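[1] Fold the following.
(one chain, ligands or ions: 1)
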Amino acid sequence: MIQAEPGFLDGACDMHVHFAPDVVPRAMTAPALALSCRDAGMRAVLLKNHYAPTVLCARAVAEMVPGMRVFGGLVLNASVGGINPAAVEAALRMGAKEIWMPTVSAGPHQRRVRDGRLAPRVAVFDAAGQPAPGLEAVLEMIAHSDAILGTGHLAPQETLALVALARNAGVSKILVTHPEFDAIAMDLATQAALADQGAFFERCYHTLHGAAPGRTKAMADAIRYLGPESTVLASDAGQLGGASPAHALLRFCEELLRRGIAADQIAVMLKDNPAWLLGLVR
Ligand SMILES: [Zn+2]
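    I've put the predicted structure just below:
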C-alpha cells in the first residue's frame with residue numbers, strides 16, 4: 001500500500017470542515033478541531049456551518065490556536081435569509097473568506113432531504129432563469145472583498161449561470177462545492193466549461209463515504225482530465241463518527257496516490273491552490 005510520508009500534511013489547508021455546535025451532532029468543537037489540524041502540521045482551515053455564519057467563531061479560535069490560520073464564511077440558506085445582501089455585507093466586513101450559495105436550501109438538496117421549516121428552498125434563479133433579487137449585489141460584494149464564491153448545492157446548469165454572472169461582477173475566486181456529491185453529480189463537460197472560466201473544484205473525502213467503489217477512480221480521472229491546477233482537496237470532516245480533518249486528508253491522499261495521482265500534484269491541490277484562494281499567497 002502507498003502511504004503518505006511523515007510531514008505530508010505540512011502546510012495543508014482544509015477548506016471544508018464542520019464542527020459543534022451544529023443542528024446535527026458533530027465530531028468536535030472548533031478549538032479541538034483546529035488543535036488537531038495544527039498538531040498534524042496543517043496551515044489553515046475554513047469552518048463551515050449550513051445554518052449560521054462561522055466568522056465569529058473562526059476569529060476566536062484563531063486567537064486560541066496560534067500558528068494555525070482559522071477562517072469562516074457564510075452559507076446563504078434560509079436560516080440567514082437566503083440571498084441576503086445585508087448578511088453577506090456583515091460577514092464580509094467581519095472577515096468572511098467564503099460566501100456559499102444555498103446548500104441545504106438548494107433545489108437539488110431539497111429533493112434529497114426535506115428539512116422543512118429548518119431549510120426551506122431558496123431559489124437562486126427564478127423559473128425564467130432570472131437571478132434572485134439581491135444575487136447581483138451579493139456577487140459584487142464578494143468581488144470587492146476578494147472573497148471566494150462557493151457554489152453550494154446548486155444544479156450544474158444553475159452553477160454555469162451563476163459563474164457567468166460572478167465573472168461579469170468581477171469575482172476572481174470561485175470554488176465549485178464538491179461536484180461529485182450525489183445531489184449535484186456534475187459531469188466532466190460541465191466541469192470543463194467551468195474550469196475554462198477559472199473555477200476551482202473542491203473534491204471532498206467525505207463525498208466518497210458510502211459511495212459506489214468507482215467514485216474514487218472517477219475523482220482521480222477528473223483530476224487527470226482537468227489538471228490539478230483547478231482542484232482543491234478538502235475533507236468535509238467533522239461528521240459524527242468520522243475521521244478528523246487530518247486523518248481524512250491523509251486517507252484521501254493515499255487513495256489518490258494509489259490511483260496514480262503524483263505527490264507533487266497532490267501538494268498543488270492540498271496546499272498551493274487553497275493558499276491562493278484563502279489569500280495566504282498572492
Ligand atoms: Zn460539508
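[2] and Trp276, how far is that from Val55?
    20 Å (C-beta to C-beta, to the nearest Å). Every C-beta, even on glycine, is put in place using the N, C-alpha and C of the backbone.
[3] same thing with Glu202?
    For Glu202, the distance to Val55 equals 19 Å [C-beta to C-beta].
[4] Compare these two and say which is more crowded by neighbours.
    Glu202 (27 against 21; other C-beta atoms under 10 Å).
[5] Does that one belong to a helix, a strand or coil?
    Under the three-state scheme (DSSP: H, G, I helix; E, B strand; the rest coil), Glu202 adopts strand.
[6] pLDDT score assigned to it?
    We note a pLDDT of 98 for Glu202 in this prediction.
[7] wait, it sits on Val176?
    Yes - Glu202 is within contact range of Val176, at 6.5 Å (criterion: C-beta atoms under 8 Å).
[8] how far is the helix or strand hosting His247 from where the chain is centred?
    Using DSSP states H and E, His247 falls within helix 245-258. Its chain's average C-alpha position is 17 Å from that of helix 245-258, according to C-alpha atoms, centre = their mean, to the nearest Å.
[9] packing partners for that helix?
    If you count contacts as 3 or more C-beta pairs under 8 Å, 6 or more residues apart in numbering; DSSP states H and E, helix 245-258 packs onto strand 13-17, helix 30-39, helix 214-226, strand 231-234, helix 263-267.
[10] Show the average pLDDT along the first one.
    The one in question is strand 13-17. On average, the pLDDT along strand 13-17 is 98.
[11] what angle sits between it and strand 200-204?
    Per axes from the mean of the first three to the mean of the last three C-alpha atoms, to 10 degrees, the angle that strand 13-17 makes with strand 200-204 is 70 degrees.
[12] those helices in the stretch 51-200 of the chain, which residues are they?
    Per DSSP state H, counting those that start in this stretch, the stretch 51-200 of the chain carries helices over the ranges 55-64, 85-93, 107-112, 135-145, 156-169, 188-196.
[13] What is the first one packed up against?
    Contact partners of helix 55-64 among helices and strands, from 3+ C-beta pairs under 8 Å, 6+ apart: helix 30-39, strand 44-47, strand 69-71.
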